[in-house]
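> I'd like to go over a predicted model; first the sequence, then the structure.
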Amino acid sequence: MPHMSAPVIGKLCTKDRVVVYKVKWKDLARHIVKQLFIIVSVGFTIVMLIRLVSLSFDIDETFKHISLLQLPLMYLGIFLFSLFFGVAISFLLKCSYITIDNNKISGRNYWLFKRQFGMEDIKKAFPFNSNGMPVVIVDAGKKGQIFVPVHIEHADKLFKQLDKYA
C-alpha cells in the first residue's frame with residue numbers, strides 16, 4: 001500500500017497523526033502594521049511637538065524643511081513603511097508554525113531556530129510580548145523554548161492541549 005500523508009490541521013494529536021498549526025500571517029501582518037504605524041507616527045508627532053516648543057511655538061521655523069501641506073504625505077510614508085515591513089516580517093514569521101507529531105512538539109524559538117521536545121518535557125507555558133508580537137512561550141527547561149504565536153490556526157485547541165502538560 002502506498003504511503004498516505006497524515007491528516008493535517010484541526011485534529012488533536014494522537015500517536016499516529018501529525019498535526020500542523022499554521023501561522024495566520026495575514027492577521028499577524030495587520031497587527032504588526034498597526035503597531036508599527038502607531039509607534040512611528042506617535043514618535044514623529046512627539047518630535048515635531050518638541051521642536052515646536054523648543055522654537056518658541058514658531059510654526060514657520062518648526063516646519064522650515066517641510067510644509068504643512070506635506071505633513072499628510074509624511075504620515076502616508078509612515079503608513080507605507082509600516083505596511084512594507086509589517087507584511088515582510090509576518091511573511092517571515094510564517095515559518096513559525098507548530099507541529100505535534102508522536103507526542104513531540106516542534107516549532108521555532110526566539111531566534112527562529114527549530115526546536116523539538118516531548119510534550120511530557122514541558123515545564124511551563126506562559127504569555128509573552130515579544131517586541132509587539134504576542135506569543136506563548138512553551139518552556140522545556142534545558143531542552144529549550146518554543147515561541148507559539150497567538151495568531152495561529154486553531155489556537156484554542158493547541159493551547160488546551162498545552163495546558164494538559166504545563
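In hand now; what should we look at?
> Please work out which residues outside the least confident helix or strand in the chain by mean pLDDT touch it.
The least trusted helix or strand in the chain, going by mean pLDDT, DSSP states H and E, turns out to be helix 59-62, with a mean of 77. Residues from elsewhere that reach helix 59-62, judged by CB atoms under 8 Å, 6 or more residues apart in numbering: 48, 51-52, 55, 68. Yep, even glycine has a C-beta here, placed from its N, CA and C like the rest.
> helices or strands next to the longest helix along the chain in the packing?
Ordering each helix of the chain by length in residues (DSSP state H) puts helix 25-54 first. Helix 25-54 makes packing contacts with helix 59-62, helix 71-92, strand 133-139 when contacts are defined by 3 or more CB pairs under 8 Å, 6 or more residues apart in numbering; DSSP states H and E.
> Leu157 - that's part of a helix, no?
Slight slip there: residue 157 is Lys, not Leu. Yes - counting by DSSP: H, G, I helix; E, B strand; the rest coil, Lys157 is part of a helix.
> which of the helices and strands packed on helix 25-54 is buried the deepest?
Mean neighbour count (mean count of other CB atoms under 10 Å) peaks for strand 133-139 among the helices and strands packed on helix 25-54, with a mean of 19.
> In CSV, could you pull the C-alpha coordinates for it?
This file holds the C-alpha atoms of strand 133-139, laid out as CSV (Å, rounded to 0.1, in the frame of the first residue of the first chain):
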residue,chain,number,x,y,z
MET,A,133,4.1,40.3,18.8
PRO,A,134,2.0,38.4,21.4
VAL,A,135,3.3,34.8,21.9
VAL,A,136,3.0,31.9,24.3
ILE,A,137,6.4,30.5,25.4
VAL,A,138,6.4,26.8,25.8
ASP,A,139,9.4,26.1,28.1
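> And the furthest pair within the contacts of helix 59-62?
Pairwise distances across the contacts of helix 59-62 (CB to CB) peak at 15.0 Å, for the pair Leu55 and Leu68.
> So for those two, which sits in the more crowded spot?
Leu55 (14 against 9; other CB atoms under 10 Å).
> What's the first helix or strand after the one helix or strand Phe117 maps to?
When secondary structure is defined by DSSP states H and E, Phe117 falls within strand 114-118. Using DSSP H and E, the helix or strand that follows strand 114-118 in sequence is strand 124-130.
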